[in-house]
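Asker: Need a 3D model of the sequence below.
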Amino acid sequence: MVYSLKVFSSSSLKKFGANSFSGGPIVTTKCCLKVDSPANHGSLIDKIRERITNGKVEISPSAYDTAWVAMVPAREYSGGGGDQPCFPQCLDWIMENQNPDGSWGLDPGHPFLVRDSLSSTLACVLALRKWDVGQQLVQNGMDFIASNGWAAESKDQFSPVGFDIIFPAMIEYAKELNLTLPLNPSLLDSLIYIQYSEIRRKRNQDYALEGLGKSCDWKGVISEHQKSNGSLFNSPATTAAALIHCRDEKCFEYLISVLNANCNGWVPTIYPVDIYTRLCVIDTLEKLGVNRYFEFELRNILDEIYERWLKKEDEIFSDITCRAMAFRLLRVKGYDVSSDEFEEFVDQEHFFDTVGIQYSGVSTLLELYRASQTRICDEGVLDKIHAWTSAFLKQQLLHQTILDKRLQKQVDYDLKNFYGTLDQFGIRRSIELYDARDFQILKTAYRCPTVHNDDFILFSVQNFRISQSRYQEELQQMERWYVECRLDRLNQGRKILQISYILTAAVIVGPELSLARISYAQVVVLISCLDDFFDLYGSKEEAFRIIELVSNWNVHPETNYCSQEVEILFTALYNTVNEVAEKAYDKQGYYVEHDLVSMWLELLISFRREKDSWNQNNVSTLDEYLSFAWKSVGCKLCVFTSVHFLGIRISEDIFTSTEYTSLCQHSSLVCRLLNDLKTFKKEHEEGALNSVNVQTVDGGISEEDAVLKVEEIIEYNRRKVLQMVYKRKGSILPRECKELFWKTCKIAHCLYSHEGGDEFSSPIDVANDINGLISEPL
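Answerer: Predicted coordinates:
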């Protein structure tokens, strides 16, 4: 029974509401948007490569942090009075960068950043008032605060980290400067009450220490929290607040280094942010589907980050989001990283009690969740993190607490079917969610053009359109092959040509891999046709005749096929296998026909054995079933057929290696059992053998316990597959070969995700993904 398409009965296909699933045509018109020329394509590649390799991190100015730095008195007065600013260039920047509406901040007029603008504006007003300059600017800022004070309490606003502590403290500081803010007294009382509650409720508010002012033990804070670069939490604002209240040379040196980094009189809201930004670049280019153009540059970055990981550098390990992303990207790319580095995060309550407030948001929890999804065998730390982060994120979706709609969609996608998001489906979603003007929020909203810029999105859109055009051409080529093989004359069974190709194209990505895609999809189609014949409408004699013809591959007579269906099926198989073998020889320089024929024979025999074993009650245990069921799934054939066309040289020896055999078996079991979980009720009615039914027959264990047992086996084998794919040291298999096994598992996850209780986790989403890959313009 075929690993990826068994579930496509005529009734289940109708659930997608798409003609393509019931054999109707997919419209293959060209994209209506113009695909740019290859020359322009190359120009964008050069620009992106320069952005990756120049070592610069572009980040927007933070009016909030710059204002705090501007309030630092001259060095000789640090910690006391003084009538001169230590960093007058910051004061100049503030005076030159007020927005037309009287505010300061990243994006004036943004409907969800009014609270952020309030915070930045008040900080800048305080800085100007402290040094008694820019009276009109101060008045403009006061007018903005008066008109927008409502946002301080609004639950619909994106909130800067620590706002509930810092903003009321800035209001109190305004009073010390004899500045009466135009805010409603009831609002002021409410803000003070919230601040009091926040300070009492949490023990991890250090990141917002500027909100404590004189009441803070600044010398103790510096002694406990100062980093080697002189900062407090890599925050210019908090570091500046410390200097306002006490003298510290390392804090001075840090702020000087931050200002020297841009030389324009402003500071960002976080510094340094080099490693996290470079990780985001790698992650973003991969999600946009264009990382293969920059493999050398991205590998160099990962090599450097891995060296810093091994040294446990503070910039990685003090930032939970950065640590989680680094772990995930390094592990997936084959670097040896230990999940023990997350031991401190295994308990949810302890996590929220101990981590800084800047790491308690959804973005950090999503990165921890993603890191946990790379878990391999015997990783209890990641198991525990996965359990509570997934539950937490589900609750956020359920209660609709994620205000950022793009982030909400990302969480939804990842939770819905993490392993079943096929490459090209995910790429299209990422392109649609990508915004060149996207921002993040710490103490203020900021942009990082190194990660979010026009070049990335333009190039990824061009690349996707080129791929989409190629897929349309290849689908037409598949349709011609289907007709030439006369498979269209088979009146029974599933019509799965289009879906077979589309799912294949979704995981085998790249214009140069056309042969790999087509050969893989042809195998899926042939397996499906033969599986339906053996399983649904062919006679026992016809099934044995096909097996006999394959056994005598080159000596079959021209007549005596015993039926037209047998003739069509065998002839299609014979011609396709021989053609693929010739092309494989051209690519690799050795013959694979004998191996292909042997695998097809093994598959067909397993089809027959599966049916006979159930009918004759020859299989009594799950272990007995598993010993042969993995062979009937087709995973081995799909990978072996197409792996020769991945653009790499492959030694014949690897196909007989223990590593290859083991990877094949684990992958096949994942596909087989995911199929079983979706079809066991239907197959029980049809009298077909299944891993669930074999446990419940004759009053065995309950159906619920049988399903749990199968899920455990899937989880174990999936982890084994990932462990082998990630492994670099001691592996003889090319990475491309191992990834093809995993991508085959992803197709099964896409089709047979067990969550949701239906034949598909989300039929509408899958249908939309399919249409988006082939026919719907981007």
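Asker: pretty sure Met170 contacts Ser120?
Answerer: No: taking contacts as C-beta atoms under 8 Å, Met170 lies outside contact range of Ser120: 10.5 Å. C-beta here means a position set from N, CA and C on the backbone, and glycine is covered the same way.
Asker: When those two are compared, which one has more neighbours?
Answerer: More crowded of Met170 and Ser120, by other C-beta atoms under 10 Å: Ser120, with 29 against 21.
Asker: for the more buried one, what are its contacts?
Answerer: Contact analysis of Ser120 by C-beta atoms under 8 Å, 6 or more residues apart in numbering lists Ser62, Ala63, Tyr64, Ala67, Ser103, Trp104, Gly105, Leu106, Thr444.
Asker: Helix or strand for it, just tell me which one.
Answerer: Using DSSP states H and E, Ser120 sits in helix 114-130.
Asker: for the protein, what are the low-confidence residue spans?
Answerer: Filtered on pLDDT under 70, the chain yields the residue ranges 1-39, 77-82, 202-203, 556-559, 611-619, 754-765.
Asker: in it, which spans are strands?
Answerer: Applying DSSP state E to the chain gives strands spanning 440-441, 445-446.
Asker: partner strands of the first one, parallel or antiparallel?
Answerer: To tie it back to what came earlier, the one meant is strand 440-441. strand 445-446 (antiparallel) (DSSP bridges).
Asker: Distance of Gly105 relative to Leu179?
Answerer: Distance of Gly105 to Leu179, given as C-beta to C-beta, to the nearest Å: 19 Å.
Asker: Between those two, which is the more surrounded one?
Answerer: Gly105 (27 against 17).
Asker: How about the contacts made by the more buried one?
Answerer: Ala63, Tyr64, Asn99, Leu113, Asp116, Ser117, Ser119, Ser120, Thr121, Thr444, Ala445.
Asker: Hmm, the fifth one is touching Phe158, no?
Answerer: Yes: applying C-beta under 8 Å as the test, Asp116 and Phe158 come out as touching, 6.4 Å apart.
Asker: overlap in contacts of those two?
Answerer: Between them, Asp116 and Phe158 share the contacting residues Ile441, Ala445, judged by C-beta under 8 Å, 6+ apart.
Asker: Those two: which has the busier surroundings?
Answerer: Neighbour totals were compared for Asp116 and Phe158, and Asp116 leads with 28 against 17 (other C-beta under 10 Å).
Asker: what sits against the more buried one?
Answerer: Contacts for Asp116 (C-beta under 8 Å, 6+ apart) come out as Gly105, Leu106, Gln157, Phe158, Ser159, Pro160, Ile441, Thr444, Ala445.
Asker: how about TSV for those residues, with distance to Ala237 added?
Answerer: Output for those, formatted as TSV (distance: C-beta to C-beta, whole Å):
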residue	distance to Ala237
Gly105	14
Leu106	15
Gln157	20
Phe158	18
Ser159	16
Pro160	10
Ile441	14
Thr444	9
Ala445	14
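Asker: By neighbours, which of those wins?
Answerer: For those, the largest number of neighbours (other C-beta under 10 Å) sits with Thr444, at 30 neighbours.
Asker: Spit out the contact partners of that one.
Answerer: Per C-beta under 8 Å, 6+ apart, neighbours of Thr444: Ser62, Ala63, Tyr64, Asp65, Gly105, Leu106, Asp116, Ser119, Ser120, Pro160, Thr269.
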